[in-house]
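Chemist: sharing a sequence plus its predicted fold:
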2 protein chains.
Amino acid sequence: MALEPARVVRQLRELKELTGDENGAQRVAWTDTWNTARAWLDGLLEGLPLERVRDAAGNDWWTLRGDSERAVLIGGHIDSVVNGGWLDGSLNVVAGAEVLRRIAEEGTPPVTVRLVNWADEEGSRFGRSLLGSSAAAGSMRDQEELRRLTDGDGIALPNALAACGVDLDHALDAHAQLASAAAYLELHIEQGPVLETMGIPLGAVLGTYGVERWRIIWTGQAAHAGSTPMDRRRDALAGAAKLALEIRDIAARVGNGAVCTSGGVVCKPGIVTSVVETAEQLLDQRHLDAASLAEMLRQAKEASDRFAAEENIDVTWEKIWSIEPILFDETLIDFCDEACHEVAGVSHRLPSGPLHDAAEMARAGVPTVMMFVQSLRGLSHTKLEDTLDEHLELSVAALDRPADKAIARVAANP
Amino acid sequence: MALEPARVVRQLRELKELTGDENGAQRVAWTDTWNTARAWLDGLLEGLPLERVRDAAGNDWWTLRGDSERAVLIGGHIDSVVNGGWLDGSLNVVAGAEVLRRIAEEGTPPVTVRLVNWADEEGSRFGRSLLGSSAAAGSMRDQEELRRLTDGDGIALPNALAACGVDLDHALDAHAQLASAAAYLELHIEQGPVLETMGIPLGAVLGTYGVERWRIIWTGQAAHAGSTPMDRRRDALAGAAKLALEIRDIAARVGNGAVCTSGGVVCKPGIVTSVVETAEQLLDQRHLDAASLAEMLRQAKEASDRFAAEENIDVTWEKIWSIEPILFDETLIDFCDEACHEVAGVSHRLPSGPLHDAAEMARAGVPTVMMFVQSLRGLSHTKLEDTLDEHLELSVAALDRPADKAIARVAANP
C-alpha cells in the first residue's frame, strides 16, 4: 500500500469535528477531550504490527520493531491550546501515523521506527510547555515548581496528571524511551508568515531560536496630570515607550533573522489623570546565533539604562526565562531540504521562532530535524489557523522521504 | 475676636485623627466616615448666629445673614479619596469656617456670607467628581448615567445617596442656593510642585485648565513573537509608544503651561510571546487657553494618523470627557494676589491643573477665584500629602483678606 496524503487531511478534519467546537480546537492536555483525541489517534493505527506504550510522562509510543533496536522517531503532539487551531500538533502525529503505516505495510524495516505523541506540548492549562518531551529528554528539572502550578479552577498540576495516570514524581522515567533513539523527525505548520510571503509550500528548519525573555520594570513618580509641569515629571511610560521602539532598531542592526518583541506594558496607577509611576514591560528577543542573541540583550539593557537616565526614572530587569539556540542535524536538514525540492519543486531553509518538542530531542542529543508547511496568514493558536489542503498533502509526502533516508542512514551507521 | 490661623491647623489635625487611619484620610462621600466629618465640621461653627441648610444635593450651607441678600460664598469639600491626604478639601472648609467665625463675631456684615461644604467633590466611590457643586451649578446633565453607576460592592449611586437623604431625581433643586451668589472663594492645596519649586508659599489661581481626555485605540495584528519577521509585523504598541513620546513634544511646542499625559496603555493579548494586537492608550491634554488646547488635540490626532500609516495599523479616538478652560474673575484674582503679597511677601499667578468645585461656580456665572497654598513634593491623593504648618497658617490669613474685599465689592455694586 502506498502513502495516501489525502487520507491525512480527511483524518484531520474528522479530528476537528470530534474535538473542536465553534471556538476552535479544545484538545487541551490532561482533559477528557485530549483523552478522546489520544484514543482516536491510536485507532488510526489499528491492525498494524505495532507495540503500544504509554510512558511515565503520559507520552504515547507506537513502535514498529526493525532489524536493529536503533530507532528513527517521528513525533508530534495532539494537544492544543484552548480555542486552538486544527493543525498545530495534530498534523505532525497524524502525518506521522500515515508514514508509519506505509513503512509497516512494506514489512520489517532495517531499524526500528517509532511514532510518539508527546503529552502537553502547549502547556495551555498550567503554563508549562514541552512537559512530556522534557521528561523524556531528561531536561525536566523544575518538579518543585511544577508541583505548585494550578489551573484556572485551582486544580494542582500533579492532581490533573494523576487523573490521567501520570505520577509527576516518576515522570523522568520516560527518559528510558530515548535509549535507542538515533533520529527524530517532526512536521509542523510554520505558525508564521515567512513561507506564505515567499510563495513556498514547504521548508527545512535549521533549529529553534534562542530566547531571552525578560520583565523590565520602569519606576518613576505618580503625579497629577493637570498640576505637574512637563519638566517636573518622572514618567515610567516614557522609558517603556522608548524601549518598545528601540528594540526594533536593535533587531535591524543585529539582523540575520533577529526578532524582538515587547508583548505588553502594564501601567500603574494606569488612570487618565496621573503620570505613570510604574510600567512593567515584557521583552522577548530571539536569534538562531547565541552570540547575536547575547548582543541583542546587551544593547537592550544598555539602551534601557540610557532611557532611565534621560527620564530620571529607575529601571530593573527580571529574567522570565531564557534558552540557548538549538541547532538541528545538518544531514537531516539536507534530507528535508531535498524532500521539499522533490515534492514542491522549491524549498527554503528557515529557523523556527516557536519552540517545539523537537528542541527537547535535539538538546537530549538525538539528531533532529523539523519540516515546516506554510501557514495561511501566519496565524496559529486560533480557530483561524489554516493551511491549503494541497500543501498539507505535499507535507505528508515530503515527511515520508527523510523518514526513509533517516532509516537508511541509521542502518548504515550502527 | 481675631482670626486664629493656628486653630485651623489644630482642627485639621483633629479631623485627621477622627477620620483617617494608617492608610490616610477615609472621608469618602456617602459613607459613615464622611457623615462623621460633616457633623464635626458643623460642630466647629456652634454658637455662631448661622442658618444651617443641607440642600437637595447633600451640600451643607452655613449662612450669616448680612444687610443684603447678595452673598459672598466660601467653599470647599470635606470628602476625600480612599487613602487620601489630610488637606485636600478639608483645608478649604475648615479655613472657611475660621474666616466665617471671624466675620460673624464682628457683627452683621453688609452682605450675606455663606460657607458651603460641597458633597462628593472627589467622586472616589462612584467615579463622578464635582457631584454636589454641579447640582448647585445646574450643570448636572448626566442623571441617566449617574443612575447606572455602582461602587466596588455593586451598590448603585442613587441608593448610596438616598441613604444620606439625597434623592438624585431632585438634586438639581440645589441650584436655588446660588440665586443670590455674588462671589465665590476657595482655598486649596496646590496638589502640584510649582509653588514649592519656586519657593513661594501662596498663589492666586487664574482658572482651571481646559481638558481633552481621550481613549486612543491602536489595532494591529497579534502574531507569534518567534515566527513573525520584523518587517511583517503590525504592532499596536508601536503606535502607542510613538504617541506617548510625541505628546511631550506637542506640549513643548504649544507651551504656556501646556501639559499632556498618557496615563496608561492596556495591551492585548498582553503576553510575552505575541506582538500586541490592540493597545488602548489614555490621553489627557490641558491648557488654560481654548485655542491652544484645540491645537494640541489637532496635533496629537494628526501625529496618530501618521504613526498608524507608518506602522500599518489602525487608530481610532474615543472621547472620554472634555471641558473648556474656565477663567476666574480678574478682580477677585487681584484680591487674592494682593493678599498673597501682603501675608507672604510674594505671590505667583498660576492655573489649576485639577478641576475644583470652583470651576462649577465659575461656569454657573458666579465671579470666582481660588487661592493655592504650596504642597510638599506636589503630592496629593495619598497619605503623603502635606504642607508646612507655617504655610497653612499663612493661607488662612490670606483667605481672610479677599473675603473682606469681596464683601466690600459686592456691597458697593448691588
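Modeler: Sure, I can see it.

Chemist: wait, residue A:392 sits on residue A:10?
Modeler: No: counting by Cβ atoms under 8 Å, residue A:392 stays clear of residue A:10, with 10.4 Å between them. Using the backbone N, CA and C atoms, a C-beta is placed for each residue, glycine as well.

Chemist: those two: which is more packed in?
Modeler: The neighbour comparison of residue A:392 against residue A:10 (other Cβ atoms under 10 Å in any protein chain shown) goes to residue A:392, with 25 against 12.

Chemist: which secondary structure element is home to the residue nearest to that one when sequence neighbours are not counted?
Modeler: In space, and not counting its chain neighbours, residue A:392 is closest to residue A:9: 5.1 Å by Cβ to Cβ, 6 or more residues apart in numbering or on different chains. Per DSSP states H and E: residue A:9 is located in helix A:5-19.

Chemist: equivalent analysis for residue A:408, please.
Modeler: Here residue A:408 sits within helix A:389-412, counting by DSSP H and E.

Chemist: just the mean pLDDT for that helix, thanks.
Modeler: Averaging pLDDT along helix A:389-412 yields 98.

Chemist: now it - C-alpha only, CSV.
Modeler: The C-alpha coordinates for helix A:389-412 follow below in CSV (Å, rounded to 0.1, in the frame of the first residue of the first chain):
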residue,chain,number,x,y,z
ASP,A,389,-5.2,21.1,1.6
GLU,A,390,-2.8,20.8,-1.3
HIS,A,391,0.0,22.0,0.9
LEU,A,392,-1.0,19.6,3.7
GLU,A,393,-0.8,16.7,1.2
LEU,A,394,2.6,17.9,0.0
SER,A,395,3.8,18.0,3.6
VAL,A,396,2.9,14.4,4.2
ALA,A,397,4.6,13.3,1.0
ALA,A,398,7.6,15.3,2.0
LEU,A,399,7.8,13.9,5.5
ASP,A,400,7.8,10.4,4.1
ARG,A,401,11.1,10.9,2.3
PRO,A,402,13.5,12.0,5.1
ALA,A,403,12.0,9.2,7.1
ASP,A,404,13.3,6.7,4.6
LYS,A,405,16.6,8.4,4.3
ALA,A,406,17.0,8.5,8.1
ILE,A,407,16.2,4.8,8.3
ALA,A,408,18.9,4.1,5.7
ARG,A,409,21.4,6.4,7.4
VAL,A,410,20.9,4.9,10.8
ALA,A,411,21.0,1.4,9.3
ALA,A,412,24.3,2.3,7.6
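
Chemist: buried residues in that helix?
Modeler: A:391-407, A:409-411 (16 or more other Cβ atoms under 10 Å in any protein chain shown).

Chemist: so, low pLDDT: which residues of the stretch 201-350 of chain A?
Modeler: In the predicted model of the stretch 201-350 of chain A, no residue satisfies pLDDT under 70.

Chemist: and the strands in it, which stretches?
Modeler: A:202-208, A:210-219, A:259-268, A:278-287, A:314-323, A:326-327, A:349-352 (DSSP state E, counting those that start in this stretch).

Chemist: and the gap between the residue of the stretch 51-200 of chain A found nearest chain B and residue A:220?
Modeler: Among all residues of the stretch 51-200 of chain A, residue A:192 sits closest to chain B, at 2.7 Å; criterion: Cβ to the nearest Cβ. Distance, residue A:192 to residue A:220, using Cβ to Cβ, to the nearest Å: 36 Å.

Chemist: neighbour count winner among those two?
Modeler: residue A:192 (27 against 22).

Chemist: helix or strand: which one has the more buried one?
Modeler: Per DSSP H and E, there is no helix or strand for residue A:192.

Chemist: quick one: it and residue B:225 touch, right?
Modeler: No: counting by Cβ under 8 Å, residue A:192 does not reach residue B:225; the two are 10.1 Å apart.

Chemist: tell me, what's touching the two both at once?
Modeler: Counting by Cβ atoms under 8 Å, 6 or more residues apart in numbering or on different chains, the contacts common to residue A:192 and residue B:225 are residue A:353.

Chemist: what is the helix holding residue A:9 packed up against?
Modeler: helix A:32-44, helix A:90-105, helix A:389-412 (3 or more Cβ pairs under 8 Å, 6 or more residues apart in numbering or on different chains; DSSP states H and E).

Chemist: show me what counts as buried in it.
Modeler: In helix A:5-19, counting by 16+ other Cβ under 10 Å, buried: A:5, A:7-9, A:11-12, A:15-16, A:19.

Chemist: quick one: which two of those are the most distant?
Modeler: A:5 and A:19 (21.6 Å; Cβ to Cβ).

Chemist: out of the helices and strands packed on helix A:5-19, which gets nearest to residue B:324?
Modeler: Of these, the one closest to residue B:324 (Cβ to Cβ) turns out to be helix A:32-44, at 58.0 Å.

Chemist: can I get the helices and strands packed on helix A:5-19 in TSV with distance to residue A:333?
Modeler: Shown next, in TSV, are these (distance: least, Cβ to Cβ, whole Å):
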stretch	distance to residue A:333
helix A:32-44	27
helix A:90-105	17
helix A:389-412	9
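
Chemist: of all the ones you listed, which one comes closest to residue B:319?
Modeler: Closest among these, using Cβ to Cβ: helix A:32-44, at 44.8 Å.

Chemist: which residues touch that closest one?
Modeler: Counting by Cβ under 8 Å, 6+ apart, A:11, A:14-15, A:18-19, A:26-28, A:52, A:60, A:62, A:78-79, A:90, A:93-94, A:97, A:101, A:117, A:164 sit against helix A:32-44.

Chemist: ok, now with 6 Å
Modeler: Here helix A:32-44 makes contact (Cβ atoms under 6 Å, 6 or more residues apart in numbering or on different chains) with A:19, A:26-27, A:78-79, A:93, A:97.

Chemist: what does stretch A:341-359 give?
Modeler: A:75, A:118, A:121, A:133, A:186, A:191-192, A:194, A:200-206, A:208-209, A:257, A:288, A:326, A:337, A:340, A:368, A:370, A:394, A:397-398, B:224, B:226-227.

Chemist: show me what from chain A comes close to chain B.
Modeler: A:191-193, A:209, A:213, A:224-228, A:230, A:232, A:237, A:241, A:244-245, A:251, A:261-265, A:267, A:270-272, A:274-275, A:282, A:284, A:286, A:353-354 (Cβ under 6 Å from any Cβ of the partner chain).

Chemist: which of those count as buried?
Modeler: For these, buried by 16+ other Cβ under 10 Å: A:191-193, A:209, A:213, A:224-228, A:230, A:232, A:237, A:241, A:244-245, A:251, A:261-265, A:267, A:270, A:272, A:274-275, A:282, A:284, A:286, A:353-354.

Chemist: right, and residue A:332 touches residue A:369 too?
Modeler: Yes: taking Cβ atoms under 6 Å as the definition, residue A:332 is a contact partner of residue A:369 at 3.6 Å.

Chemist: may I have the residues that are in contact with residue A:228?
Modeler: Contacts of residue A:228 by Cβ under 6 Å, 6+ apart are residue B:192.

Chemist: please report the distance of residue A:272 from residue B:265.
Modeler: Distance from residue A:272 to residue B:265, by Cβ to Cβ: 12 Å.

Chemist: cool, and residue A:285?
Modeler: 21 Å.

Chemist: please apply the same query to residue A:171.
Modeler: 40 Å.

Chemist: quick one: the residue nearest to residue A:392 and residue A:390 touch, right?
Modeler: No: the criterion here is Cβ under 6 Å, and residue A:9 misses it with residue A:390 at 9.3 Å.

Chemist: tell me the pLDDT at residue A:95?
Modeler: 98.

Chemist: quick revisit: and the residue lying closest to the residue of the stretch 51-200 of chain A closest to chain B once chain neighbours are set aside, what does it touch?
Modeler: Spatial nearest neighbour of residue A:192, chain neighbours left out: residue B:227 (2.7 Å); criterion: Cβ to Cβ, 6+ apart. Residue B:227 is in contact with A:191-192, A:353-354, counting by Cβ under 6 Å, 6+ apart.

Chemist: what's residue B:227 sitting at in phi/psi?
Modeler: The phi/psi pair for residue B:227 (degrees, to the nearest 10) reads phi -100, psi 0.
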